[in-house]
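quick one, what's the 3D model for this:
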Amino acid sequence: MAVQKLPLARALNESLRRALETDPKVVLMGEDVGKLGGVFRVTDGLQKDFGEDRVIDTPLAESGIVGTAIGLALRGYRPVVEIQFDGFVFPAYDQIVTQLAKMHARALGKVKLPVVIRIPYGGGIGAVEHHSESPEALFAHVAGLKVVSPSNSSDAYWMMQQAIQSDDPVIFFEPKRRYWDKAEVDTEAIPGPLHAARVVREGARVTLAAYGPMVKVCLEAAAAAEEEGISLEVVDLRSLSPIDFGTVQRSVERTGRLVVVHEAPVFLGAGAEVAARITERCFYHLEAPVLRVGGYHTPYPPARLEEEYLPGLDRVLDAVDRALAY
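Sure thing, here's the model as predicted:
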């Protein structure tokens, strides 16, 4: 059956299964991805079905995981590696930035690095330190990397397929607080290009642009605003490198106002780039300054303070009110 209602984590599992079945050069690697099936069970059952040579449990050494994946890619494989939690990626940051991102350009285009790095990211699960971070802007800033983040099960399924098939290295940020959210997945109909943004709710007064875990919050904000007679448009960016500014621009030219929302700190976050570009492109269409909603510029707090830190409905709607007040 082509259309199924799946949790986001299961959609990723089905996508990885399809990739393993389709291409014998696809291999999965990471800490506990095999026998355990991953801490979020995204790779559950795959080692049993495809063997330890295709789904590989690695030592606790992120630099070694990514370094090995680079070597495999150079030999014609398409490795998909899991970084168990967002805050664990930094031991591999050197490998990602100085090798993975640059090798294609260094080889004058003769070398391809088709590596996908899966990173569960963001908050909402009440985890301890180093388990609830949003480092996406650090990778989007690095030339040579593609950076994407699905917000729903359908995008998770298809964006993973497209990332694995890409000849570029892709940092694939998975919103861990959405792993259990269900949505329909059509496994025969590709919803669109990997790096294209999408209008997921049409509106007239203000554009809300978000990605990953915050898309659902923005949709909830739009539903709440509708009860007050305020029409909000929601754009799911889906990709942070490259960013589809054209879709955002067309939306803002209709609405005249933009609020950018993400979990990561506002300071030097992805929203800053969106705000700058849209201000440049839409200066004479804007009825108010572009506003940003995000986390605070502090280390991620203990679990009991998480809800105060994370952007929620009230902070998004407050920004909408401020935008409309101009």
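
ranges for the helices of the stretch 101-250 of the chain?
103-106, 136-140, 153-165, 214-227, 245-255 (DSSP state H, counting those that start in this stretch).

who are the packing partners of the second one?
Looking back up the chat, that one is helix 136-140. When contacts are defined as 3 or more CB pairs under 8 Å, 6 or more residues apart in numbering; DSSP states H and E, helix 136-140 sits against strand 146-148, strand 170-175, strand 239-241, strand 258-265, helix 270-282. For the C-beta atoms, the positions are set from N, CA and C on the backbone; glycine is no exception.

in contact with the residue nearest in space to the middle of the chain, which residues?
In the chain, the centroid-proximal residue (CA atoms, centre = their mean) is residue 149; its distance is 1.6 Å. Contacts for residue 149 (CB atoms under 8 Å, 6 or more residues apart in numbering) come out as 121, 136, 172-175, 211-212, 238-240.

reformat the helices and strands packed on helix 136-140 as CSV; add distance to residue 294 and mean neighbour count.
As requested, the helices and strands packed on helix 136-140 are exported to CSV (distance: least, CB to CB, whole Å; neighbours: other CB atoms under 10 Å):
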stretch, distance to residue 294, mean neighbour count
strand 146-148, 17, 25
strand 170-175, 15, 26
strand 239-241, 13, 23
strand 258-265, 5, 26
helix 270-282, 6, 18
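
dump those into JSON lines; add distance to residue 31 and mean pLDDT as well.
Shown next, in JSON lines, are those (distance: least, CB to CB, whole Å; pLDDT from 0 to 100):
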{"stretch": "strand 146-148", "distance to residue 31": "22", "mean pLDDT": "98"}
{"stretch": "strand 170-175", "distance to residue 31": "15", "mean pLDDT": "98"}
{"stretch": "strand 239-241", "distance to residue 31": "25", "mean pLDDT": "98"}
{"stretch": "strand 258-265", "distance to residue 31": "24", "mean pLDDT": "98"}
{"stretch": "helix 270-282", "distance to residue 31": "27", "mean pLDDT": "98"}
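
show me where the chain has strands.
3-7, 26-30, 55-57, 78-82, 116-121, 146-148, 170-175, 182-186, 198-201, 206-210, 232-236, 239-241, 258-265, 291-295 (DSSP state E).

pick the most buried one from the ones you listed.
Sort these by mean neighbour count, taking mean count of other CB atoms under 10 Å, and strand 206-210 sits at the top with a mean of 30.

ok now that strand, how far from the chain's centre?
Averaged C-alpha coordinates place strand 206-210 at 17 Å from its chain's average position (CA atoms, centre = their mean, to the nearest Å).

good, wrapping up.
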